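1. compute the structure for the input listed below.
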Amino acid sequence: MANSLVIVPTYNEIENIERLITTVFGLASSFHILVIDDNSPDGTGLKVNQLKELYPTKLFLEKREKKLGLGTAYIHGFKWALSKDYNYIFEMDADFSHNPKDLERLLKTCVSESLDMVIGSRYVKGVNVVNWPMSRVLLSYTASKYVRFITQMPIHDTTAGFVCYSKKLLQTIDLNSIKFVGYAFQIEMKYKAYLKELKFKEIPVIFTDRTHGESKMSKGIISEAIFGVIQMKIKSLFRKR
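-> Residues are numbered from 1 along each chain as shown. This is a model prediction of the structure:
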């Protein structure tokens with residue numbers, strides 16, 4: 001069995017999912033894939049089920065009844081991965097904003113340097129974003145700077161969603177204590193790893209905006225990230241006292 005699992009949450013990704021799966025399975029390194037589909041009305045889950053016949057030992061599907069949020073999808077996937085004893089667990093978007101070839105770079109860095117978390121970072125060396133309007137680049141970049149200032153984490157891309165976690169990290173963090181369900185989930189996972197003094201590193205990746213399908217970004221997700229970070233920081237201070 002491969003010791004690396006890529007978790008891919010999906011909602012209406014029928015235009016991307018087959019190409020993503022075949023691309024990951026075409027890499028030199030051996031990865032398994034767990035798709036967590038929130039009952040996509042476009043048939044994403046059905047397509048994954050069809051592909052499972054081609055890849056019965058390395059493609060898996062967990063289908064949920066409705067759209068429940070990015071954070072809960074990943075927590076579901078983390079618990080599933082731990083129950084199957086994978087050593088390295090990846091977060092990855094379905095829309096090719098994360099280059100599947102970079103999975104191997106994240107894995108190699110994590111293994112060779114004995115790290116607990118490796119972040120595929122858009123901002124560790126300048127701004128590596130393609131096809132985003134300037135307004136969205138500024139929003140994302142400013143948000144990461146804001147989170148870094150509030151939390152004091154030495155991480156440039158605090159909202160990054162392309163991450164390799166070690167089994168040790170996921171066993172160390174209390175996954176049931178994760179509160180955020182939107183993109184603030186990404187911040188919370190990094191912050192908990194930072195507070196636990198686990199070993200992590202950012203490596204540069206190029207983030208390319210989706211060319212197929214629709215973005216899941218919303219005002220509610222942005223609000224959760226902005227105000228949730230302050231709440232998270234205050235709670236951590238009270239715990240120390």
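2. below-threshold pLDDT in the protein: ranges please.
-> Scanning the chain for pLDDT under 70 picks out 1, 210-226, 238-241.
3. repeat the analysis, applying 50 as the threshold.
-> Low-confidence segments of the chain, defined by pLDDT under 50: 213, 218, 241.
4. where along it do the strands fall?
-> 4-10, 32-37, 59-63, 88-91, 117-121, 129-130, 163-166, 200-204, 207-208 (DSSP state E).
5. so how far is M117 from Y11?
-> The spacing between Y11 and M117, counted by CB to CB, to the nearest Å, is 25 Å. C-beta: built from backbone N, CA, C; applies to glycine.
6. same check, this time on Y141
-> For Y141, the distance to M117 equals 21 Å [CB to CB].
7. between the two, which one's more packed in?
-> Remark: of Y141 and M117, M117 carries more neighbours, 23 against 17, as counted by other CB atoms under 10 Å.
8. so what's that one closest to, chain neighbours aside?
-> F200 (3.9 Å; CB to CB, 6 or more residues apart in numbering).
9. how near is that neighbour to K235?
-> Between F200 and K235 the computed distance is 21 Å (CB to CB).
10. quick one, which of the two is more surrounded?
-> Neighbours were counted for F200 and for K235 using other CB under 10 Å; F200 has more, 21 against 11.
11. surely that one and V118 touch.
-> Yes - when contacts are counted by CB atoms under 8 Å, F200 is listed as touching V118 (6.9 Å).
12. and among the strands of the chain, the most buried is which?
-> Most buried of those, by mean neighbour count (mean count of other CB atoms under 10 Å): strand 163-166, with a mean of 27.
13. quick one: contacts for the closest residue to G45 other than its chain neighbours?
-> Taking CB to CB, 6+ apart, and ignoring the residues beside it in sequence, G45 has D37 as its nearest neighbour in space, at 4.0 Å. The contact partners of D37, taken as CB atoms under 8 Å, 6 or more residues apart in numbering, are 9-11, 44-45, 48, 61-64.
14. quick check, nearest of those to T109?
-> Ranked by distance to T109 (CB to CB), the contacts of D37 are led by P9 at 23.3 Å.
15. and the closest residue to F185 other than its chain neighbours, how far is that from G182?
-> Computed as CB to CB, 6+ apart, the closest residue to F185 that is not its neighbour in sequence is G71, at 3.1 Å. Going from G71 to G182 by CB to CB gives 7 Å.
16. so how far is I7 from the residue nearest to F185?
-> Using CB to CB, one obtains 12 Å as the distance from G71 to I7.
17. spatially central, which residue of the chain would that be?
-> E91 (3.2 Å; CA atoms, centre = their mean).
18. do a quick rundown of the helices in the protein.
-> 17-25, 44-52, 70-83, 102-112, 134-151, 167-172, 184-195, 219-240 (DSSP state H).
19. name the helices or strands packed onto the second one?
-> Meaning helix 44-52. Using 3 or more CB pairs under 8 Å, 6 or more residues apart in numbering; DSSP states H and E, the elements in contact with helix 44-52 are strand 4-10, helix 17-25, strand 32-37, strand 59-63.
20. wait, which of the ones you listed is closest to V129?
-> Of the helices and strands packed on helix 44-52, the one closest to V129 (CB to CB) turns out to be helix 17-25, at 19.6 Å.
21. from the chain's centre, how far out is the closest one? Work that out for me.
-> When distances are taken as CA atoms, centre = their mean, to the nearest Å, helix 17-25 is centred 17 Å away from the chain's centroid.
22. same thing with stretch 110-127?
-> 13 Å.
23. go through it and flag the buried ones.
-> 110-111, 115-124 (16 or more other CB atoms under 10 Å).
24. hmm, K125 is touching I203, no?
-> No - taking CB under 8 Å as the definition, K125 is not a contact partner of I203, at 9.2 Å.
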